[in-house]
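Peer 1: below: sequence and its predicted model.
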Amino acid sequence: MSKVMLVLATAGLAAGVQAQDKPAPLGAANYGVDTRIAPPTTAPTFADEFSGKRIDPANWRFDTHRNKAGWYNNERQYYAPANTPANARIDNGKLVIEARRGRPTGPDAGGQGYTSARIVSTRAMGYGFYDIRAKLPCGRGIWPALWLVPPTGGWPAGGEIDILELVGYEPGLIHATVHSALFNHARGTQRGGSLKMSDACGQWHRYQLDWRPDSITIGVDGRGYMQVDNNQPGGQAAWPFDRPYNLILNVAVGGDWGGKMGIDDTKFPQSMQVDYVRYWQYR
């Protein structure tokens, strides 16, 4: 879910990284594959099964830094802080991130008409297999995403891996994309894949990333549908995916891509549910 033109927009913000807007991403289908992927059979290096009573602050932080100024891509939501169960909570062993219609009342409110949540992993994770079981929301104007960026560095030079994006006006289509300095939508060179999936909204699926030094493969339910290889000249400009990134889970509202066909206010509230996040580190 690309967010900035020159400076990285997310996980590194705690370190003071600033951000500027850039045009919204578009789905890319130029790196489609059909291949089997599967997690290792060993115990994961990291897992959050969301079995507790609250979102574990040891695993996740809430990103609210752009509430006053407004979020990227002309998105319309206010991201709630921690301890706001209306927007982010544990419910029956599931993480729930819920977008709601309504004016925020926090001191950092920027006049938004919707509230939601965006959480970022406190640990950066690199090469490995990522398995996220999630149920996505639908509705015109809804934009859920599961994605990774490095703790510091500029966009697009720092890189970005979008495991999953769905825009609500295309409820049967999911997207996976990677961005780098040489390959990004601002240059018209983004690398990604899209998959038609009639039950993408409202049904449980496993969204998966197999990240290796020489390739990035993204898929769903054990089938990879997008693969980008580390085979292009340009060094870091082509392949910055050689250091740990932070994982982001969020539900945006509106924006240049998510809101391209408007926002259906009759569809709120809308929630993304996550059963678990599991990660196996490749050594």
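Peer 2: Cool, got the structure.
Peer 1: give me the beta-bridge partners of the residue nearest to Phe50 when sequence neighbours are not counted?
Peer 2: Closest residue to Phe50 apart from its sequence neighbours, by C-beta to C-beta, 6 or more residues apart in numbering: Leu95 at 4.6 Å. (Each C-beta comes from the backbone N, C-alpha and C, glycine too.) Beta-bridge pairing of Leu95 under DSSP bridges involves Ile90, Val274.
Peer 1: now stretch 169-182: average pLDDT?
Peer 2: Averaged over stretch 169-182, pLDDT sits at 96.
Peer 1: got the buried residues for it?
Peer 2: Across stretch 169-182, burial judged by 16 or more other C-beta atoms under 10 Å covers 169-171, 173-182.
Peer 1: ends of it, how far apart?
Peer 2: 29 Å (C-alpha to C-alpha, to the nearest Å).
Peer 1: now swap in stretch 235-245 and tell me
Peer 2: The straight-line separation of the ends of stretch 235-245 (C-alpha to C-alpha) is 18 Å.
Peer 1: got it, and stretch 120-133?
Peer 2: Chord length of stretch 120-133, first to last residue, is 17 Å (C-alpha to C-alpha).
Peer 1: okay, buried residues for it please.
Peer 2: By neighbour count on 16+ other C-beta under 10 Å, the buried set for stretch 120-133 is Val120, Ser121, Ala124, Met125, Gly126, Tyr127, Gly128, Phe129, Tyr130, Asp131, Ile132, Arg133.
Peer 1: kindly report the same for stretch 61-76.
Peer 2: Neighbour count says stretch 61-76 has Arg61, Phe62, Asp63, Thr64, His65, Arg66, Asn67, Trp71, Tyr72, Asn73, Glu75, Arg76 buried, by 16+ other C-beta under 10 Å.
Peer 1: cool, and stretch 184-193?
Peer 2: Of all the residues in stretch 184-193, those buried under the rule 16+ other C-beta under 10 Å are Asn184, His185, Gln190, Arg191, Gly192, Gly193.
Peer 1: so what's the residue lying closest to the third one once chain neighbours are set aside up against?
Peer 2: Counting by C-beta to C-beta, 6+ apart, Ala28 is the residue found nearest to Gln190 once chain neighbours are left out, at 4.7 Å. The contact partners of Ala28, by C-beta atoms under 8 Å, 6 or more residues apart in numbering, come to His175, Thr177, His185, Gln190, Arg191, Gly192, Gly193, Ser194.
Peer 1: and the strands in the stretch 51-200 of the chain?
Peer 2: In the stretch 51-200 of the chain, the strands defined using DSSP state E, counting those that start in this stretch lie at 60-62, 77-79, 88-91, 94-101, 114-116, 118-121, 128-135, 142-149, 160-165, 173-179, 191-196.
Peer 1: as a markdown table, those with distance to Tyr276 would be great.
Peer 2: Compiled in a markdown table, those are given as follows (distance: least, C-beta to C-beta, whole Å):
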| stretch | distance to Tyr276 |
| --- | --- |
| strand 60-62 | 13 |
| strand 77-79 | 23 |
| strand 88-91 | 12 |
| strand 94-101 | 9 |
| strand 114-116 | 21 |
| strand 118-121 | 13 |
| strand 128-135 | 5 |
| strand 142-149 | 12 |
| strand 160-165 | 14 |
| strand 173-179 | 19 |
| strand 191-196 | 21 |
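Peer 1: so for Lys260, which of these sits nearest?
Peer 2: strand 142-149 (10.0 Å; C-beta to C-beta).
Peer 1: quick one: that closest one to strand 128-135, angle?
Peer 2: 170 degrees (axes from the mean of the first three to the mean of the last three C-alpha atoms, to 10 degrees).
Peer 1: note down every partner strand of strand 142-149 and its orientation.
Peer 2: Applying DSSP bridges, one finds strand 142-149 paired with strand 160-165 (antiparallel), strand 246-253 (antiparallel).
Peer 1: what's the angle between it and strand 94-101?
Peer 2: Angle, strand 142-149 to strand 94-101, by the same axes, to 10 degrees: 130 degrees.
Peer 1: which residues touch the spatially most distant residue from the centre of the chain?
Peer 2: Farthest-out residue of the chain from its mean C-alpha position, per C-alpha atoms, centre = their mean: Pro233, at 27.2 Å. If you count contacts by C-beta under 8 Å, 6+ apart, Pro233 has none.
Peer 1: how about a cut-off of 10 Å?
Peer 2: By C-beta atoms under 10 Å, 6 or more residues apart in numbering, the residues touching Pro233 are Leu182, Trp239.
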